[in-house]
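Chemist: Sharing a model that was predicted from the sequence below.
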Amino acid sequence: MGLLHNLGTVCILLGIPFFISGTIGLLRFPDIYTRLHALTKADNVGLGFVVLGLSLQADGWHTVARLLLIWLLVLIASSASCHLVARAALRKKIEPWSRP
Amino acid sequence: MMDAMGIFDMVLALALPWLGWRLLASPDLFRAMVLFISLGLLMALTWVRLQAPDVALAEAAIGAGLTGALFLSALRRLERLSEAERRLAFAGKREEEDEIPPERHRRAKPVAYGLALLLLAVFVLLLAWSLAQTPAGGGLGPAVGEQLGQSGVRSEVTAVLLNFRGYDTLLEVMVLFLAALGVWSLTRVRLPLQDEEPGPVLATLVRLLAPLMIMVAGYLVWIGGSRAGGAFQGGAVLAAAGVLLLLANVTVVRQIPAALLRWGLALGPLLFLLTAVVCVAAGGNLLEYPPQRAGAWILLIESASAVSIGVTLAALYAGGRPPEPPAQDRGGEQGPGRDADADAGGRQ
Amino acid sequence: MSWQYSSAALFLLLAIVAGLGRILRGPTAADSMLAAQLFGTCGVAILLLLARGLEWEVLQDIALVFALLAALAAVAFALRTWGGTER
Amino acid sequence: MPGNCSPVSLPLATRLTRLLARLVLYAVLWSVLAGLDGRSWIIGLPAVSAAACCSLFFAPQRLCPLSPLGLLRFIPFFLNLSFWGGCDVMRRALSPVMPLNPGLVRYQVSLPEAPQQVLLLNCISLLPGTISADFSGQCLTIHTIDRDMPVWSTVHLLERRVAAVFGLRLAGGAP
């Protein structure tokens, strides 16, 4: 109990930097495509760590299954919407930024 | 010492009005919409902090999900409409703006601001007054808690909504029904025809999410009996499935028989009314269920209402009564979506 | 509520508030839309953390609804607001 | 695909099996959602059947059976790559000079069916340095955050792993 609990706490705290770097990437990166990179990857890994941490601390398979379901849904939603937004941007002829 | 949750609440309390202000002050419609979607999310978090999970759930489903999709689709229509209007009104409508002399503008501004401030002051006073009038000791909460045993459900909110104040909910369901009727009587849905392939990613997304939305809608209706959830939340999630279908514009939407939609729309209000009549006929008051059967009645009404609310909200998104049956749909489709929208402008 | 959940939730909320800057700066519509997406993911994480921290299972349901409807706005955006090649 | 909802040509037994598989899947999901309370099936039964019917309605006409072993091997592979994807973004976002060198790359997909392609497309967006930006015909446009990364070989590896999930073997190299 104690060990798992602490491990879970570590996982949760590991997830937070990913969220923060996702936001920083969103603010710093130069164009829509690179921002999509930041958001889709960093946030999903962050949520993955939070879900992992909470699962380690969960008190039954039921909670774990629900947590995993929620994470899977967010994964599907964000990767699909990443693709759709990138596609719409490309079809709108928005040029990707490239290093001068 | 201020703990992290205290700071959390403070950030929330500061961000919410600021966001609302930026939303109202934004000159760009699109930005205002995105701000509105974000406001929905922060609102949901705020409701959670205010210990109102039912409202948070509804806000999550409606505010952050459905309204966002509705606004984003409306924006496109608005842009096209304004383009058409600009083309129509190109010849000399500009003078109208200049008819009001500038000095009246200058006088109107302080008056408007003064009125707004006055209204705000009255509102604040009324709030303060009603706060002073509220009896100490948690309002009606204890009274509800006392009667909860014979309501048939374990959730206080559901007990109030569907048992103690059932007629309020009956009227709400009726209002939604009327709104859907109003929209249906205005126009027929013109499903935008595919101007391009939606792509496999979207098709798969619909395939995965639509059944899950149905499941979660059912779950919310079920869980409404014991904690947060219920017909409105379930209906909103169900409507999201409909909106997703409409968005992905799958041919399936055309194949849903209109009669099914009509019955779905009427099911909730009909059942609710029927229950009311039966209760009165059995010698009780309006919607006074026999205590030992109350749970079953409430579940029945909730499920039927969830279906109706789902259909209603999806119909409000679609903006019209069901399209023509698919019999002539193969040959009779006129042109791409552009025509349909131009048609909307021309028909008045 | 123990400190780890509340401080994690606080940091996530700050990440959301910082993301508001992207909505206001734009420049394209999609950039603002991305910020709204960010809010969805962070919101789910906050709700899950609070659900555990407050021992309040209802919040998981709210997170579930969020996760389920997260794609809706992006789909509407990509297909309706920006989609369509005709003009 | 919903696009080709032509009269179903699958044999009855196959259709029944597919329906049954979906019923079981959604029943399990329902018990995950609502717990093991027996009374919850009052709502659960109609919800599960509606969801199963809805899912069957959208199901592709061609069968794409999953390979359990391939799926089992795919999950750690995906989690690992996805983790490095997150780390990569974190490094670039936090580094003061922001090492970005983005560009577009084209890739010819050889996976035959839509479900497999979609799994590939969605996974690419979670891989280090790549997002799938457009897909038409069999040609995939990938936006990469760093043109010096070995995009082609990573995507090729992913494609073979995805094929293995569906029990396929792509020509050119063992999976």
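Modeler: Cool, the structure landed.
Chemist: where along chain C do the helices fall?
Modeler: Counting by DSSP state H, chain C has helices at residues C:3-25, C:29-53, C:58-76.
Chemist: Now do the first one against helix C:29-53, angle only.
Modeler: Put plainly, it is helix C:3-25. 170 degrees (axes from the mean of the first three to the mean of the last three C-alpha atoms, to 10 degrees).
Chemist: close to chain D, is helix C:3-25?
Modeler: No - using C-beta under 8 Å from any C-beta of the partner chain, helix C:3-25 never reaches chain D; the gap is at least 12.2 Å. C-betas here are computed from N, CA, C, even on glycine.
Chemist: who wins for proximity to D:T14 among the helices of chain C?
Modeler: Set against D:T14 and scored by C-beta to C-beta, those come closest in helix C:58-76, at 30.1 Å.
Chemist: how many degrees apart are the closest one and helix C:29-53 in direction?
Modeler: Using the same axes, to 10 degrees: helix C:58-76 against helix C:29-53 is 170 degrees.
Chemist: okay, which residue is most central for chain A?
Modeler: A:N44 (1.6 Å; C-alpha atoms, centre = their mean).
Chemist: Could you check the pLDDT of that residue?
Modeler: On pLDDT, A:N44 comes in at 92.
Chemist: One more: B:F164?
Modeler: pLDDT for B:F164: 84.
Chemist: Quick check: it vs chain A, distance?
Modeler: Using C-beta to the nearest C-beta, to the nearest Å, B:F164 is found at 32 Å from chain A.
Chemist: can you pull the contacts of the closest residue to chain A within chain C?
Modeler: Ranked by C-beta to the nearest C-beta, the top residue of chain C for proximity to chain A is C:A74, at 3.2 Å. By C-beta atoms under 8 Å, 6 or more residues apart in numbering or on different chains, the contact set of C:A74 is A:77, A:80-81, A:84-85, C:33, C:37.
Chemist: among those residues, which are in helices?
Modeler: Those of these mapping onto helices are A:77, A:80-81, A:84-85, C:33, C:37, per DSSP H.
Chemist: Out of those residues, flag the one nearest to chain D.
Modeler: Chain D lies nearest to A:A80 out of the ones in helices among the contacts of C:A74, by C-beta to the nearest C-beta, at 6.2 Å.
Chemist: Now for that closest one, how many residues are close by?
Modeler: Using other C-beta atoms under 10 Å in any protein chain shown, A:A80 has 27 other residues around it.
Chemist: Which helix or which strand is home to the spatially closest residue to it that is not a sequence neighbour?
Modeler: Closest residue in space to A:A80, ignoring its immediate chain neighbours: B:L205 at 4.7 Å, by C-beta to C-beta, 6 or more residues apart in numbering or on different chains. Using DSSP states H and E, B:L205 falls within helix B:199-223.
Chemist: and if you look at D:L120?
Modeler: Using DSSP H and E, D:L120 maps to helix D:114-124.
Chemist: so B:A136, which of the three states?
Modeler: Three-state call for B:A136 (DSSP: H, G, I helix; E, B strand; the rest coil): coil.
Chemist: Okay, helices next: where are they in the stretch 1-150 of chain B?
Modeler: B:4-25, B:29-49, B:53-58, B:67-88, B:95-98, B:102-133, B:141-147 (DSSP state H, counting those that start in this stretch).
Chemist: Next: chain D.
Modeler: In chain D, the segments counted as helices under DSSP H are D:12-34, D:41-58, D:68-94, D:114-124, D:151-165.
Chemist: which of those is buried the deepest?
Modeler: helix D:114-124 (a mean of 23; mean count of other C-beta atoms under 10 Å in any protein chain shown).
Chemist: give me the low-pLDDT residue ranges for chain A?
Modeler: Scanning chain A for pLDDT under 70 picks out A:1.
Chemist: where does it come near chain B, residue by residue?
Modeler: Proximity of chain A to chain B is confined to A:73, A:76-77, A:80, A:83-84, A:87 under the rule C-beta under 8 Å from any C-beta.
Chemist: give me every residue that touches the one residue in chain A that gets nearest to chain D.
Modeler: In chain A, the residue that lies nearest chain D is A:V45 (2.9 Å; C-beta to the nearest C-beta). By C-beta under 8 Å, 6+ apart, A:V45 lies in contact with A:15, A:18, D:82-83, D:85-87.
Chemist: Then B:W297?
Modeler: Taking C-beta under 8 Å, 6+ apart as the test, what B:W297 contacts is B:152, B:275, B:289.
Chemist: tell me the phi and psi of the last one?
Modeler: Note on B:Y289: its backbone torsions stand at phi -80, psi 150 [degrees, to the nearest 10].
Chemist: isn't D:S82 right up against A:D43?
Modeler: No - with contact defined as C-beta atoms under 8 Å, D:S82 does not reach A:D43; the gap is 11.5 Å.
Chemist: my guess is A:H5 meets A:Q57, correct?
Modeler: Yes - between A:H5 and A:Q57 there is a contact under C-beta under 8 Å: 5.5 Å.
Chemist: who's more crowded, these two?
Modeler: Neighbours were counted for A:H5 and for A:Q57 using other C-beta under 10 Å; A:Q57 has more, 21 against 14.
Chemist: what about the closest residue to the more buried one other than its chain neighbours, which helix or strand?
Modeler: Once flanking residues are discounted, A:Q57 sits nearest to A:G8: 3.9 Å by C-beta to C-beta, 6+ apart. Using DSSP H and E, A:G8 sits in helix A:2-28.
Chemist: In that helix, which residues are buried?
Modeler: Using 16 or more other C-beta atoms under 10 Å in any protein chain shown as the test for burial, helix A:2-28 gives A:8-9, A:11-28.
Chemist: Tell me the spacing between B:R87 and chain D.
Modeler: Separation of B:R87 from chain D (C-beta to the nearest C-beta): 32 Å.
Chemist: next one: B:V111
Modeler: Plainly put, B:V111 is 51 Å away from chain D if you go by C-beta to the nearest C-beta.
Chemist: State the distance from that residue to B:V122.
Modeler: 16 Å (C-beta to C-beta, to the nearest Å).
Chemist: And for A:R87?
Modeler: Using C-beta to C-beta, one obtains 51 Å as the distance from A:R87 to B:V122.
Chemist: got it, and B:R188?
Modeler: Noted for B:R188: a distance of 44 Å to B:V122, by C-beta to C-beta.
Chemist: In terms of packing, which of those two has more residues around it?
Modeler: Using other C-beta under 10 Å as the criterion, B:R188 and B:V122 rank with B:R188 on top: 13 against 10.
Chemist: what is the more buried one paired to in the beta sheet?
Modeler: B:R321 (DSSP bridges).
Chemist: which one among the contacts of B:W297 gets closest to chain D?
Modeler: B:G152 (13.0 Å).
Chemist: Look up the closest residue to the residue positioned nearest the centre of chain D, ignoring the ones flanking it.
Modeler: The centre of chain D sits closest to D:L119, judged by C-alpha atoms, centre = their mean, with a distance of 2.2 Å. Of all residues not flanking D:L119 in the chain, D:V162 sits nearest, at 5.2 Å (C-beta to C-beta, 6+ apart).
Chemist: can you list the residues of chain C near chain D?
Modeler: By the rule C-beta under 8 Å from any C-beta, the part of chain C lying against chain D is C:L64.
Chemist: What is the neighbour count of the residue of chain C found nearest chain B?
Modeler: Relative to chain B, the nearest point of chain C is C:L69 (3.2 Å; C-beta to the nearest C-beta). Counted with other C-beta under 10 Å, the neighbours of C:L69 add up to 29.
Chemist: Go ahead and confirm it touches B:A239.
Modeler: No - contact between C:L69 and B:A239 fails when scored by C-beta under 8 Å: they sit 10.3 Å apart.
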